[in-house]
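Participant: I would like to see how this sequence folds:
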Amino acid sequence: MRIPISEIKINPGRRKADPTHVDELSKSIADVGLLNPITVDSNHTLIAGLHRLEAAKLLDWAEIECTVCSIDSIRAELAEIDENVIRRSLTNTEVSSLLARRKKLYETLHPETIARNRPGHVSNHQSSRDNVSCEPKAKSFVEDTAEKLGVSTRTVERHLYLAEHLTPKASEILKKMDKQPPRSELMKLARLEPDRQAECAAQFLSSEIKSVNTYLKQGEPETAGADTPSSFDSFMESSSLILNEFERLSSLLAASPDFTDEQTETARIQANKLREAADRLTAQLEGRR
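Facilitator: Next up, the predicted model:
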């Protein structure tokens, strides 16, 4: 349905739109139209589509196509996202995109948590409303998501960083990869300047590079073996992949409370083997001191 833009409300404390992105988006919308409606709740408060809304304002639109979601539908979508992240084998960029969407939905249900999620706010966990409200306090988005998915809060924060800092163009390139770089490399990629992200992602896609460090070294004086990752880089890349799998195992266990006693014992034996392998690795490193 079409809703007057003047009637659409934006929750205080929401992240501001990126002017550059808004400008680029407005040109695209002017050419091909609005392909995806923005999402609002029954009170016409924006849930998703801030950049599209700002682009429409830039184009002097009076109305914009909207999808109206009820509170029940928001809760249903939250549950669906949690199920997808836990059950499906997703890439890091897919998980990041889903968690970014989950954040918007969660903060729509619990607007009092928005300030608590904002970097630099008091302790980053306490809302200014907490001291004056007698209502039960909702957990921050990061805390709630980590608990629901059975991962650390740091893992959730890293996925949000990727969602917020990877450019759309770089993300589209990464989606074409059969196997994406480990999350540690994606974090390095997300820290690059926007115009370099797509170039670096394209080199990952074409297998020209295996690490962001190799991309950054391009143009420097050549040294022997410059195109080959160092042993340390290879070690860190492999260990990052293993850590990602450990987090996935933790999520699978959290989502599978129905193991039989025999299955639990088999899984425990396997976990002990993993721990023994980690202990051997640690012993090797200790021996290098």
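Participant: what residues are up against L174?
Facilitator: L174 makes contact with T91, T93, L166, Q180, L186, A201, F204, L205 under the criterion Cβ atoms under 8 Å, 6 or more residues apart in numbering. For glycine as for every other residue, the C-beta is placed from the backbone atoms N, C-alpha and C.
Participant: er, A55 actually
Facilitator: V22, D23, L25, S26, I29.
Participant: same thing but at 10 Å, please
Facilitator: Contact partners of A55, counting by Cβ atoms under 10 Å, 6 or more residues apart in numbering, are 17, 21-30, 34, 49, 61, 64.
Participant: Next one: E112 from S238, what distance?
Facilitator: Separation of E112 from S238 (Cβ to Cβ, to the nearest Å): 43 Å.
Participant: same question, D261
Facilitator: From D261 to S238 the distance is 34 Å (Cβ to Cβ).
Participant: same deal with K176?
Facilitator: 23 Å.
Participant: quick one on the thing from earlier: who has more neighbours, E112 and S238?
Facilitator: E112 (16 against 11; other Cβ atoms under 10 Å).
Participant: related to what we said a few turns ago, among the contacts of L174, which lie within strands?
Facilitator: Among those, none falls in strands (DSSP state E).
Participant: For those residues, could you give me CSV that also reports pLDDT, distance to E286 and neighbour count?
Facilitator: Shown next, in CSV, are those (pLDDT from 0 to 100; distance: Cβ to Cβ, whole Å; neighbours: other Cβ atoms under 10 Å):
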residue, pLDDT, distance to E286, neighbour count
T91, 92, 35, 16
T93, 94, 36, 21
L166, 95, 37, 25
Q180, 93, 33, 18
L186, 96, 30, 28
A201, 96, 38, 28
F204, 96, 34, 24
L205, 95, 39, 16
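Participant: and these, which two are the farthest apart?
Facilitator: Across those, the longest distance by Cβ to Cβ is 14.1 Å; it joins L166 and L205.
Participant: which among the contacts of A55 gets closest to A146?
Facilitator: Using Cβ to Cβ, the contacts of A55 come closest to A146 at G49, 26.3 Å.
Participant: Burial check on L243, number of neighbours?
Facilitator: L243 has 14 neighbouring residues, counting by other Cβ under 10 Å.
Participant: tell me the pLDDT at it?
Facilitator: What the model reports as pLDDT for L243 is 76.
Participant: A helix includes E65, no?
Facilitator: No: counting by DSSP: H, G, I helix; E, B strand; the rest coil, E65 is not found in a helix; it is strand.
Participant: how close does it sit to S6?
Facilitator: 15 Å.
Participant: More neighbours: those two, which one.
Facilitator: Neighbour count, other Cβ under 10 Å: between E65 and S6, E65 has more, with 17 against 9.
Participant: quick one, what contacts the more buried one?
Facilitator: Taking Cβ under 10 Å, 6+ apart, we find E65 in contact with M1, R2, I3, G33, L34, L35, N36, P37, I38, G49, R52, A56.
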